[in-house]
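**Q** coords please:
(2 chains)
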Number of protein chains: 2
Amino acid sequence: MVVNLRQLAEMLGLSQTTVSRALNGYPEVNAETRERVLQAVRDTGYRPNRAAQRLATGRAASIGLVMTVAPDIDADVHFSAFLTGLGEAAVRHDFHFVINPSAPEEEETTFRRLAASGNVDALFIASVRRDDPRIEMLRSLPIPYLVHGRAIGQGEDYPFLDIDNEGAFHAATQLLIALGHRRIALINGQEHLTFAMRRKAGMLAALKEAGLETQDVLIAHDFMTDEYGFRATTAFLADARPPTAILCSSTVMALGVVRALNRAGLKVGDDVSLIAHDDVLPLLKPEHFNVPLTTTQSSLRAAGARVAERLITHVLSPEDALEQEVWQAELIIRDSTKPAPRS
Amino acid sequence: MVVNLRQLAEMLGLSQTTVSRALNGYPEVNAETRERVLQAVRDTGYRPNRAAQRLATGRAASIGLVMTVAPDIDADVHFSAFLTGLGEAAVRHDFHFVINPSAPEEEETTFRRLAASGNVDALFIASVRRDDPRIEMLRSLPIPYLVHGRAIGQGEDYPFLDIDNEGAFHAATQLLIALGHRRIALINGQEHLTFAMRRKAGMLAALKEAGLETQDVLIAHDFMTDEYGFRATTAFLADARPPTAILCSSTVMALGVVRALNRAGLKVGDDVSLIAHDDVLPLLKPEHFNVPLTTTQSSLRAAGARVAERLITHVLSPEDALEQEVWQAELIIRDSTKPAPRS
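**A** Reported below is the predicted structural model:
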């Protein structure tokens, strides 16, 4: 049963004005009446008519995102952690999401359509790429937006939330160097994604600062799955100078790294040190690996919650400007990082 | 830049009628003109005004779902695979999704509100529970719906898509019995979820048919994560009569099962056989486990695509009734199932 305001008021034996006031938190309504009204709202699912609410407030109470779909794009566990965070913040403000699926080549068009649809109050993008045309596109749209991540070489005059990827991989590399490692490999996300570019830059900077060679470093870029972690590690182990330590951009990839090391008869930590970036995926905890993993850690769920919170706050109070925010990842040392074996 | 029909027609030097006809596939418009129009639509992001379209068709071109969020509800990799499938089908029909986050105790209310909002044309629910009140609730709503899964003990007069969970675990158990296993344990999803209830029923039926005891079977129910797979296996191994084979409801849980077996010095297959249900999560392939896993397999992404396809077809052509569909899971034998060790 879906009721309207009149029916709800009749059910409660109250006037429509009283019910409205109770719902809008007017102090004239006493606590007991207010509680009765709220209970009836829960029981009946009463909701001020969305269309009417939209006309009155000019808001859709919704955040839009575009999900690219294609046969070769897999479900992404990182996205699901982020979405959970978005939901956590949205539910507090009674906002919802509109997800527009799109073929990859139609992504910009789909964003434009979504912005023009009136169905959403704000947008965000993630997985920022080198020379990402979406940033310019967002600037041209009439609704607020937030970038999860950061572009490279496009100025930084737009609102974003990012983690310090460069700093995280710089610190991780320094730890390995301090343990005596000289041959360190990197298994990274796709090469055109800016988070991967920054992680690589952080690693190379630390090598350079320590006076180590940066010409011939073993680096692989690919989708962050178990499979590509396995392939890259297998290839690295076949190198004339195999690495004594591996940096890896995801705990999901680390599954494959560990598998490849074990298959080659090598022990994580004792033979090859390993540091993975941990997005805090509940499914895959670094402390549960057979040899608990040293990680750079930053919660994607927390990032999702923050992105939604900031966008919603801005929609409700446009004077709260959308700003730029960079989070530091935490370096957590467990058992997978040990002194380099003597060669 | 967002353009309307008039501006699009001006840009192209065509009449609005011609542009409309090209977009609606009228044969009077030649192929070259049609291609020019479609290219301009791609370039500009032109979209027939959604609100106007909605007035004209009475449709929102959208499917609604409710996502329960709470601090103790983790991101679910299974959900993300399903969502990818939904997107795959939706993009073909230019449909989008509205996701309403909800506290668990507000779920029914949120569904009612979503149905009443006018923002969605159809709804679906998943993770069906014992005595699930949402089925009755969906029946009372004015818009079509589909159930992913099936209730137990509520009749079956509603449209659903389910897999044959009972048959899958029946077949898996029969395989283990044929290999000589007599002490078989089950690590299952949460006890109140009907898919878990059916899997348990399938296992117990196979044991019974083989004349095996069903009183004292080792069964654990919990969230389908690595952590609970580990805990349940550790507990089972401490039993006075530990199992020689384990059935497990997810490849994610199987990670923890394998970890617990290894930690106890046991080999998968040789010492303890293992069969896991595989939802075809790209992240975690059963053939990539150190000992490749025997599985019952059914793709959650394919299920998502089918759910969206059926709902959208029904919204566009209500004469295409929403029916009931049960998919068979495939039993795929790999190396984790071997003859029971002689005791």
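**Q** can you give me how far stretch A:157-173 is from the chain middle?
**A** Averaging C-alpha positions (CA atoms, centre = their mean, to the nearest Å) puts stretch A:157-173 13 Å from its chain's average.
**Q** Just the CA trace of that stretch, in PDB.
**A** Taking C-alpha atoms only, stretch A:157-173 is exported to PDB below (Å, rounded to 0.1, in the frame of the first residue of the first chain):
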ATOM      1  CA  ASP A 157      41.600  23.600 -10.700                       C
ATOM      2  CA  TYR A 158      38.800  21.000 -10.100                       C
ATOM      3  CA  PRO A 159      37.400  19.300  -7.000                       C
ATOM      4  CA  PHE A 160      38.900  15.900  -6.300                       C
ATOM      5  CA  LEU A 161      39.500  13.300  -3.700                       C
ATOM      6  CA  ASP A 162      42.700  11.300  -4.200                       C
ATOM      7  CA  ILE A 163      45.200   9.300  -2.200                       C
ATOM      8  CA  ASP A 164      48.900  10.100  -2.200                       C
ATOM      9  CA  ASN A 165      49.800   7.200  -4.600                       C
ATOM     10  CA  GLU A 166      53.200   8.600  -5.300                       C
ATOM     11  CA  GLY A 167      54.000   9.000  -1.600                       C
ATOM     12  CA  ALA A 168      52.800   5.500  -0.800                       C
ATOM     13  CA  PHE A 169      55.000   3.700  -3.300                       C
ATOM     14  CA  HIS A 170      57.900   6.000  -2.500                       C
ATOM     15  CA  ALA A 171      57.700   4.900   1.100                       C
ATOM     16  CA  ALA A 172      57.200   1.300   0.200                       C
ATOM     17  CA  THR A 173      60.300   1.400  -2.100                       C
END
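**Q** could you give me the average pLDDT of it?
**A** In this model, stretch A:157-173 carries a mean pLDDT of 97.
**Q** Same question for stretch A:29-44.
**A** Mean predicted lDDT for stretch A:29-44 stands at 81.
**Q** neighbouring contacts of that stretch?
**A** Applying CB atoms under 8 Å, 6 or more residues apart in numbering or on different chains, the external contacts of stretch A:29-44 come out as A:1-3, A:8, A:11-12, A:14, A:18-19, A:21-23, A:46, B:106, B:109, B:112. Where C-beta positions appear, they are placed from N, C-alpha and C, glycine not excepted.
**Q** Check whether residue A:267 really touches residue A:273, as I assumed.
**A** No - Residue A:267 lies out of contact with residue A:273 (CB atoms under 8 Å); the separation is 10.4 Å.
**Q** Residue of the stretch 151-300 of chain A closest to chain B, please.
**A** Nearest residue of the stretch 151-300 of chain A to chain B: residue A:282, at 3.7 Å (CB to the nearest CB).
**Q** what's that residue in contact with, if anything?
**A** A:81, B:74-75, B:225.
**Q** just to revisit the earlier point, who has more neighbours out of residue A:267 and residue A:273?
**A** residue A:273 (26 against 14; other CB atoms under 10 Å in any protein chain shown).
**Q** and that one, which of the three is it?
**A** strand (DSSP: H, G, I helix; E, B strand; the rest coil).
**Q** Then residue A:217?
**A** Residue A:217 is classified as coil under three-state DSSP.
**Q** list the contacts for it?
**A** Counting by CB under 8 Å, 6+ apart, the residues that residue A:217 touches are A:184-186, A:203-204, A:207.
**Q** Could you count how many residues lie near the residue nearest to residue A:79 when sequence neighbours are not counted?
**A** Residue nearest to residue A:79 in three dimensions, not counting chain neighbours: residue B:80, with 6.1 Å by CB to CB, 6 or more residues apart in numbering or on different chains. Per other CB under 10 Å, the neighbour tally for residue B:80 reads 26.
**Q** Phi first, then psi, for residue B:80.
**A** The phi/psi pair for residue B:80 (degrees, to the nearest 10) reads phi -70, psi -30.
**Q** Now do the contacts for it.
**A** Counted by CB under 8 Å, 6+ apart, residue B:80 has contacts A:75-77, A:79-80, A:83.
**Q** and if you look at residue A:235?
**A** Per CB under 8 Å, 6+ apart, neighbours of residue A:235: residue A:220.
**Q** again, 10 Å this time
**A** A:185, A:187, A:218, A:220, A:242, A:260 (CB atoms under 10 Å, 6 or more residues apart in numbering or on different chains).
**Q** Likewise for residue A:275?
**A** A:168-169, A:171-173, A:175-176, A:184, A:245-248, A:254, A:286, A:293-296, A:331-334, A:336-337.
**Q** Just the buried ones from those, in PyMOL syntax?
**A** Selection command for PyMOL covering only the buried members of the contacts of residue A:275, criterion 16 or more other CB atoms under 10 Å in any protein chain shown:
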select buried, chain A and resi 168+169+171+172+173+175+176+184+245+246+247+248+254+286+293+294+295+296+331+334+336+337
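**Q** Strands - which of the contacts of residue A:275 land there?
**A** A:184, A:245-248, A:294-296, A:331-332 (DSSP state E).
**Q** Sort out for me which of the contacts of residue B:80 are in helices.
**A** Among these, DSSP state H puts A:77, A:79-80, A:83 in helices.
**Q** Most neighbours among those residues, please name it.
**A** Ranking these using other CB under 10 Å puts residue A:77 first, with 30 neighbours.
**Q** pretty sure that residue is touching residue B:283, no?
**A** Yes - counting by CB atoms under 10 Å, residue B:283 is a contact partner of residue A:77 at 5.4 Å.
**Q** how about the strands in the stretch 101-250 of chain A?
**A** Secondary structure of the stretch 101-250 of chain A (DSSP state E, counting those that start in this stretch): strands at A:122-125, A:145-148, A:160-163, A:184-188, A:219-221, A:245-248.
**Q** show me where pLDDT drops low in chain A?
**A** A:1-2, A:23-27, A:47-57, A:343 (pLDDT under 70).
**Q** What's the first helix or strand after the host helix or strand of residue A:7?
**A** Using DSSP states H and E, residue A:7 falls within helix A:5-12. Next helix or strand after helix A:5-12 toward the C-terminus (DSSP H and E): helix A:16-23.
**Q** now that following helix: how far from the chain's centre is it?
**A** 40 Å.
**Q** for that helix, packing partners?
**A** helix A:5-12, helix A:31-44 (3 or more CB pairs under 10 Å, 6 or more residues apart in numbering or on different chains; DSSP states H and E).
**Q** got those helices as JSON lines, with distance to residue B:308 and mean neighbour count columns?
**A** Formatted as JSON lines, those follow (distance: least, CB to CB, whole Å; neighbours: other CB atoms under 10 Å in any protein chain shown):
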{"stretch": "helix A:5-12", "distance to residue B:308": "34", "mean neighbour count": "16"}
{"stretch": "helix A:31-44", "distance to residue B:308": "30", "mean neighbour count": "15"}
